[in-house]
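**Student:** next one to model:
(2 chains)
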Amino acid sequence: MRITQGTFSFLPDLTDAQIASQVEYCLAKGWAVSLEYTDDPHPRNTYWEMFGTPMFDIRDAAGVMTEVSACRKTFPNHYIKVNAFDSTRGRESLRLSFIIGRPAAEPGFDLVRQEGPGRTVRYTTRTYAAERPEGERY
Amino acid sequence: MNAKVDPTQSGDDGEPTPPRSAGAKQEDAPGNPLDLEAAYSDSHVGEVLDGLERELVGLAPVKGRIRDIAALLLIDKLRRAVGLSSGPPALHMSFTGNPGTGKTTVAMRMAEILHRLGYVRKGHLVAVTRDDLVGQYIGHTAPKTREVLKRAMGGVLFIDEAYYLYRPENERDYGQEAIEILLQFMENQRDDLVVILAGYKDRMETFFRSNPGMSSRVAHHIDFPDYSQEELLAIARLMLQQMQYRLSGRADEALGQYIGKRRAQPHFANARSIRNALDRARLRQASRLFERKGVAISRAELETIEEADIRASRVFAGSASQNDPGQNAASKSL
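**Tutor:** Numbers count the residues shown, from 1 in each chain, chains lettered A, B, ... in the order given. Next up is the predicted model:
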């Protein structure tokens, strides 16, 4: 099952040229671009691991793209996303975040039902991949 | 064999390309002269070149080279537009010359020219030295160098005193690692980054001799000559004009003498020494005006540098005692 998180997630995967032009847009707006990766793509897992530091003083998308290819090489079977952070006073938060790398096979999510008191049922989801330890999931 | 060679030779002697697809080329031919004009004015590179001519004194060989490069890039662009082969030009450069001959200034202009011609996307200049590229510990250099290269992408990376990267006397020096990463980027990311290496001529030559890989990837070696006396004076006047100062008639004369004396002294750094001298003259002018508290100061006095401001320099101290002791004493008291 294809994971849809962040911007553009219902579109086909972006090509490198498309990623570069999105990054170019972010840089033109003065946002700091950073990369994050994870192998636990649960929708409530907000904090992925950072790949390097946020790139605050980069002027051109090519610099970010070298980092993108380095990240893909290091984590070929992880989810990778690009974040753009707006440091403007009063905003100070992410403006754009999109997935640019995903494992070849995404097994999807298991729906877990938990029996509660008084026949209540609590639902939760858990990715099948998460049964294995971190780093061996995909 | 002969029969086979002849036709190609005749093709090379005349016009090598038209025979292949004569129809397509004939269509382009009338448009070409117009295109060059249009491309030249579109790129606004003329303005930069004129600015170079106007704001940089002397440096004739450098300007000539930059004009050549700009012309090549423009023609290459046109060639690409009509479908002729145009390999991505190698644009990495080496600027050699004594201190203060304008290497950094020209590099900045270069970034602008390349940007106007569309060879670098952003046209910013990242100026670094060995400290910014080479780390202190094992494994520290590569990320540091990459960081700088990433920052420079889309623009020009200016490495001042590049020969410090290579220290043959210390085999465990990490400079070599930085050079290797630099080479890798210079080769693979030619579209993203232009590298300019700068430094003294003789030491750069040693550097290139011991790093043949670097030498072969640097296409343009530009040498910056020292300035003559007249050029230095012209530079001084230009600097003052930009700072909105002017010299009184006798101060102009004194400045000429100052430059002559200063050039003969050790550690003379061309235009940089002139800038420093002018800065000190401004200091003296300021304190001279400050001394006369209570008297109204006119606009003309604020912008004029007098002879005494220049004569007070240490450069005159040695010889002035023989020539003009009275003058020297007077200026010292100021």
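**Student:** where does the chain dip in pLDDT?
**Tutor:** In the absence of a named chain, chain A is used. For chain A, no stretch is flagged by pLDDT under 70.
**Student:** wait, I meant chain B there
**Tutor:** B:1-35, B:87-88, B:318-334.
**Student:** residue in it nearest to chain A?
**Tutor:** Closest residue of chain B to chain A, CB to the nearest CB: B:G154 (2.5 Å). To be clear about C-beta, it is placed using only N, CA and C from the backbone, and glycine gets the same treatment.
**Student:** so what's the residue count around B:N188?
**Tutor:** 11 (other CB atoms under 10 Å in any protein chain shown).
**Student:** distance check, it against A:G63.
**Tutor:** 14 Å (CB to CB, to the nearest Å).
**Student:** for B:A152, same thing?
**Tutor:** If you go by CB to CB, the gap between B:A152 and A:G63 works out to 8 Å.
**Student:** what of A:V121?
**Tutor:** From A:V121 to A:G63 the distance is 50 Å (CB to CB).
**Student:** with B:Y245 instead?
**Tutor:** 41 Å.
**Student:** so which of these two has more stuff around it?
**Tutor:** A:G63 (27 against 17).
**Student:** report the contact partners of the more buried one.
**Tutor:** A:M55, B:L149, B:K150, B:R151, B:M153, B:G154, B:D192 (CB atoms under 8 Å, 6 or more residues apart in numbering or on different chains).
**Student:** now the second one. Nearest residue, chain neighbours left out?
**Tutor:** Sequence neighbours aside, B:F185 is the residue nearest to B:L149 in space, at 5.1 Å (criterion: CB to CB, 6 or more residues apart in numbering or on different chains).
**Student:** show the residue spans covered by the strands in chain A.
**Tutor:** Applying DSSP state E to chain A gives strands spanning A:32-38, A:49-55, A:79-86, A:93-101, A:109-115, A:121-127.
**Student:** out of those strands, which comes closest to chain B?
**Tutor:** strand A:49-55 (6.9 Å).
**Student:** what packs against the closest one?
**Tutor:** strand A:32-38, helix A:61-74, strand A:79-86 (3 or more CB pairs under 8 Å, 6 or more residues apart in numbering or on different chains; DSSP states H and E).
**Student:** chain center to the shortest one: distance?
**Tutor:** Yep, that's strand A:32-38 we're talking about. 8 Å (CA atoms, centre = their mean, to the nearest Å).
**Student:** buried ones in that strand?
**Tutor:** A:A32, A:V33, A:S34, A:L35, A:E36, A:Y37, A:T38 (16 or more other CB atoms under 10 Å in any protein chain shown).
**Student:** wait, what's in contact with the residue sitting nearest the centre point of chain B?
**Tutor:** Nearest to the mean C-alpha position of chain B, by CA atoms, centre = their mean, lies B:V106 at 2.3 Å. Under the criterion of CB under 8 Å, 6+ apart, the neighbours of B:V106 are B:L52, B:L56, B:L59, B:V62, B:I66, B:F95, B:F224.
**Student:** with B:I196 instead?
**Tutor:** If you count contacts by CB under 8 Å, 6+ apart, then B:I196 has B:H92, B:M93, B:S94, B:F95, B:A107, B:M110, B:V156, B:L157, B:F158, B:I159 around it.
**Student:** cool, and B:I66?
**Tutor:** Contacts of B:I66 by CB under 8 Å, 6+ apart are B:L49, B:L52, B:V106, B:R109, B:M110, B:I113, B:I222.
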